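*Asks:* The sequence and its predicted three-dimensional model are supplied below.
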Amino acid sequence: MVYSTWINQLYSICVIFCSFVIYAQSDVPRPRGVSLSKASLYSPTKDFTCFDGTITIPFSYVNDDYCDCFDGSDEPGTSACLNGVFHCTNAGHRPQNIPSSRVNDGVCDCCDGTDEYANPEICSNTCEELGKEARAEALRLAELYKAGGHLRLELIEKGNKKRNEMAEQLSQLENDKTEAEKIKAEKETLKNDLEAKENDALKVYREAEELEKQKKLEEEREKTVKEAMEHFERFDSNSDGELTVDEIKVANVFDKNKDGEVDEEEVQFFFEGHEKMDKENFVTTTWPLLKPLLMMEQGMFKPADDEEKDPDVDGEAEEHQADLDSEYEGNEEDAGDLELQEDNEEQESDSEHSSTYDEETQKLVDEATEARRQYTDAERTVREIESNIRNIKQNLEKDYGLQQEYATLDGQCFEYEDKEYVYKLCMFQKVTQKSKNGGAEIGLGNWGEWAGGDLNKYSAMRYTNGVACWNGPSRMTTVNINCGLETNILSVTEPFRCEYKIELSTPAACDESSPTQQHSSHDEL
């Protein structure tokens, strides 16, 4: 009841104010097209000086349909000057300034019709009706901003609370990081000490293993030489210690293409341009080329090129590798975990031989392995804390409005559907579009900046660097923000190719003290 009485009183004041303005404007004599604020500059009792101060002319030259002043100030009521300005009084509605070129052009620009004084019958005075609608709209907006202002105060309170909580969390994380780095340093020192002892203890085993490897390699080499010599002697029909072209031509194994004869190309392949081949060269050069052919004859070997491949297996392997690449690409934390895992695998490789270690050595290996695991956990904890610190700092640096009124909207997503698409706006993050017929989401822009201009920069958001259009620029979206009792998307349009516009209402924009609201209310009254 009290609120209704306040609205009625405000409406009465508006009516009285407008009536006074109409009377005052009508009572002050001034040339046609001159506003009340400039009436004193047009005194009929003295000569007129152009506003730019260039010349002074007799007052009778004012509105004589001839442009004397460069700035057009002597012809406010005619269309003689292209740069002149005509003032519409519009009693009962808002005053209006139009270019003087529109005077007497047959189009009614002023609601009171004064711009078409040469043919007054073509225009009717609609100012009272328009003024009534404007005042009703002004009252509606006043009620909306008043109701939305209460909701905005709640958002401000929640936003500041959220900011304080993030600041406290950041302080706690900084302390946690210091403690975590201390633990990490301790674990690293312990790991290094135990690894040094482990290496010393395993040195004997590694040396023995290396000797064993060398022994096996030597045995394998001797076996190879022996096998090569047996075949050399078999092919050396005259036992003179050298293989000739004639001797290998009778051996079918040298017939690579199995066409029934050893041709010149096959001779060149095995002899590498030589006429003869001694034992040493046969072992080092010819035997590695010949042995696979012998194994093929015996059914013990099949070239890789001839092996049947399972396309399903290959496809799964490629897909698995692609998943791995996607999983780790651009992710610092996962990449760090992978590096630590690889290091640990290298350092723990000796544990595979644990069955051959004595009890004391095995104990050292187990302790070093546990130390490495603890160090990896400590390293991961530090990275997780650092990641959380970065995220909180980024949020604290975001501009959530003069009073943090937009803070609680960060991360909230709102959808809008038209006939073809579903649009999603995630505040301070991104804008996407998805076809109702299926398919992946298309990025229409990522959070960039406030873009409302000098009057009120918080009246619009800009989201940039979306997915590039076909043969066009990257998509971008402008979000115009209006006062509303709920936060939701009112409309989505694409006024230009790859440039989208979203109209969003939210109580966060219901600031009764904002310049745009003051200007709007003043104009309406």
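*Replies:* Yep, that arrived.

*Asks:* what pLDDT does the residue nearest the centre of the chain get?
*Replies:* The centroid of the chain falls nearest to Asn446 when counting by Cα atoms, centre = their mean (4.4 Å). We have a pLDDT of 97 for Asn446.

*Asks:* Kindly report the same for Glu524.
*Replies:* pLDDT at Glu524 comes out at 35.

*Asks:* did I read that right, Val492 in a strand?
*Replies:* Yes: according to DSSP: H, G, I helix; E, B strand; the rest coil, Val492 belongs to a strand.

*Asks:* does Lys146 really touch Asp511, like I thought?
*Replies:* No: look at Lys146 against Asp511 with Cβ atoms under 8 Å: they stay out of range, at 11.7 Å. To be clear about C-beta, it is placed using only N, CA and C from the backbone, and glycine gets the same treatment.

*Asks:* Looking at those two, which is more packed in?
*Replies:* Asp511 (24 against 14; other Cβ atoms under 10 Å).

*Asks:* ok now do the more buried one, which residues does it touch?
*Replies:* 145, 149, 152, 405, 483, 517 (Cβ atoms under 8 Å, 6 or more residues apart in numbering).

*Asks:* I'd like to know which of the residues you listed is nearest to His231.
*Replies:* Proximity of the contacts of Asp511 to His231 (Cβ to Cβ) peaks at Glu405, which lies at 89.5 Å.

*Asks:* and the closest one, how many neighbours does it have?
*Replies:* With other Cβ under 10 Å as criterion, Glu405 counts 26.

*Asks:* same question, Ala208
*Replies:* 11.

*Asks:* What distance do you get for it to Asn104?
*Replies:* 111 Å (Cβ to Cβ, to the nearest Å).

*Asks:* In the contacts of Asp511, which residue is surrounded by the most others?
*Replies:* Glu405 (26 neighbours).

*Asks:* Next one: that one, what pLDDT does it get?
*Replies:* Confidence score, pLDDT, at Glu405: 94.

*Asks:* Following the chain onward from the helix or strand hosting Ala371, which element is next?
*Replies:* Taking DSSP states H and E as the definition, one finds Ala371 inside helix 359-397. Sequence order places strand 413-417 as the next helix or strand after helix 359-397, per DSSP H and E.

*Asks:* Packing partners of that following strand?
*Replies:* If you count contacts as 3 or more Cβ pairs under 8 Å, 6 or more residues apart in numbering; DSSP states H and E, strand 413-417 packs onto strand 421-426, strand 488-496.

*Asks:* surely Arg102 meets Ser79?
*Replies:* Yes: under the criterion of Cβ under 8 Å, Arg102 makes contact with Ser79 at 7.4 Å.

*Asks:* In terms of neighbours, single out the busier of these two.
*Replies:* With neighbours defined as other Cβ under 10 Å, Arg102 and Ser79 compare such that Ser79 has more, 19 against 16.

*Asks:* and the residue lying closest to that one once chain neighbours are set aside, how many neighbours?
*Replies:* In space, and not counting its chain neighbours, Ser79 is closest to Val103: 4.4 Å by Cβ to Cβ, 6 or more residues apart in numbering. Residues lying near Val103 (other Cβ under 10 Å) number 24.

*Asks:* For Met229, list the residues it contacts.
*Replies:* 279, 283.

*Asks:* Doesn't Glu220 belong to a strand?
*Replies:* No: read with three-state DSSP, Glu220 is helix and lies in no strand.

*Asks:* Could you list the low-pLDDT ranges of the stretch 301-450 of the chain?
*Replies:* 301-355 (pLDDT under 70).

*Asks:* Quickly list what the residue lying closest to Lys457 once chain neighbours are set aside is bridged to.
*Replies:* Excluding the flanking residues, the one nearest Lys457 by Cβ to Cβ, 6+ apart is Trp450, at 4.5 Å. Counting by DSSP bridges, Trp450 forms beta bridges with Met461.

*Asks:* hang on, isn't Trp450 packed against Ala460?
*Replies:* Yes: assessed by Cβ under 8 Å, Trp450 is found in contact with Ala460 at 7.0 Å.

*Asks:* Tell me, domain by domain, which residues of this structure belong where.
*Replies:* Domain ranges of the chain: 2-125, 407-524, per automatic domain parsing.

*Asks:* Out of those, which gets the lowest mean score?
*Replies:* domain 2-125 (a mean of 82).

*Asks:* Tell me how far that domain lies from the chain's centre.
*Replies:* Centroid displacement of domain 2-125 relative to its chain, using Cα atoms, centre = their mean, to the nearest Å, is 51 Å.

*Asks:* Same question for stretch 427-435.
*Replies:* For stretch 427-435, the distance to the chain centre is 10 Å (Cα atoms, centre = their mean).

*Asks:* how much space is there between Glu261 and Lys249?
*Replies:* Taken as Cβ to Cβ, the span from Glu261 to Lys249 is 7 Å.

*Asks:* same deal with Cys111?
*Replies:* Relative to Lys249, and taking Cβ to Cβ, Cys111 is found at 113 Å.

*Asks:* quick one: which of those two has more around it?
*Replies:* Cys111 (24 against 15).

*Asks:* Which helix or strand contains that one?
*Replies:* Applying DSSP H and E, one finds Cys111 in no helix or strand.

*Asks:* How about Glu261?
*Replies:* Per DSSP H and E, there is no helix or strand for Glu261.

*Asks:* OK, contacts around it?
*Replies:* Contacts of Glu261 (Cβ under 8 Å, 6+ apart): 249, 255.

*Asks:* For the remainder of this discussion, apply numbering that starts at 57.
*Replies:* With 57 as the first residue, the last one maps to Glu317.

*Asks:* For it, give me phi and psi.
*Replies:* Phi and psi for Glu317, reported as degrees, to the nearest 10, are phi -150, psi 150.

*Asks:* Please report how far it lies from Val306.
*Replies:* 10 Å.

*Asks:* Strands of the stretch 107-256 of the chain, start to end?
*Replies:* Per DSSP state E, counting those that start in this stretch, the stretch 107-256 of the chain carries strands over the ranges 112-113, 141-144, 152-155.

*Asks:* can you tell me which of these comes nearest to Lys217?
*Replies:* Nearest of the strands of the stretch 107-256 of the chain (Cβ to Cβ): strand 152-155, 46.2 Å.

*Asks:* Partner strands of that closest one, with direction?
*Replies:* Applying DSSP bridges, one finds strand 152-155 paired with strand 141-144 (antiparallel).

*Asks:* ok, and what's touching the partner strand?
*Replies:* 89-91, 94, 128, 132-133, 151-156, 158-159, 165-168, 170-171.

*Asks:* can you pull the buried residues of that strand?
*Replies:* Going by neighbour count (16 or more other Cβ atoms under 10 Å), the buried part of strand 141-144 is 141-144.

*Asks:* Also stretch 100-117?
*Replies:* 104, 106, 113, 115, 117.

*Asks:* How many residues are close by Asn313?
*Replies:* 10.

*Asks:* Could I get the contacting residues of it?
*Replies:* Asn313 touches Glu322, counting by Cβ under 8 Å, 6+ apart.

*Asks:* now it, what's its secondary structure?
*Replies:* Assignment for Asn313 (three-state DSSP): coil.

*Asks:* Tyr556 now?
*Replies:* Relying on three-state DSSP, one would call Tyr556 strand.

*Asks:* element containing Met351?
*Replies:* Going by DSSP H and E, Met351 is part of helix 343-353.

*Asks:* Output that helix as PDB, nothing but the C-alphas.
*Replies:* Output in PDB follows, covering the C-alpha atoms of helix 343-353 (Å, rounded to 0.1, in the frame of the first residue of the first chain):
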ATOM      1  CA  TRP A 343      76.200 -64.200 -44.000                       C
ATOM      2  CA  PRO A 344      73.800 -61.500 -42.500                       C
ATOM      3  CA  LEU A 345      72.200 -61.300 -45.900                       C
ATOM      4  CA  LEU A 346      72.100 -65.000 -46.500                       C
ATOM      5  CA  LYS A 347      70.800 -66.200 -43.100                       C
ATOM      6  CA  PRO A 348      67.200 -64.900 -43.400                       C
ATOM      7  CA  LEU A 349      66.900 -66.700 -46.800                       C
ATOM      8  CA  LEU A 350      68.100 -69.900 -45.200                       C
ATOM      9  CA  MET A 351      65.600 -69.500 -42.400                       C
ATOM     10  CA  MET A 352      62.800 -68.900 -44.900                       C
ATOM     11  CA  GLU A 353      63.600 -72.100 -46.600                       C
END
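
*Asks:* No more questions from me, cheers.
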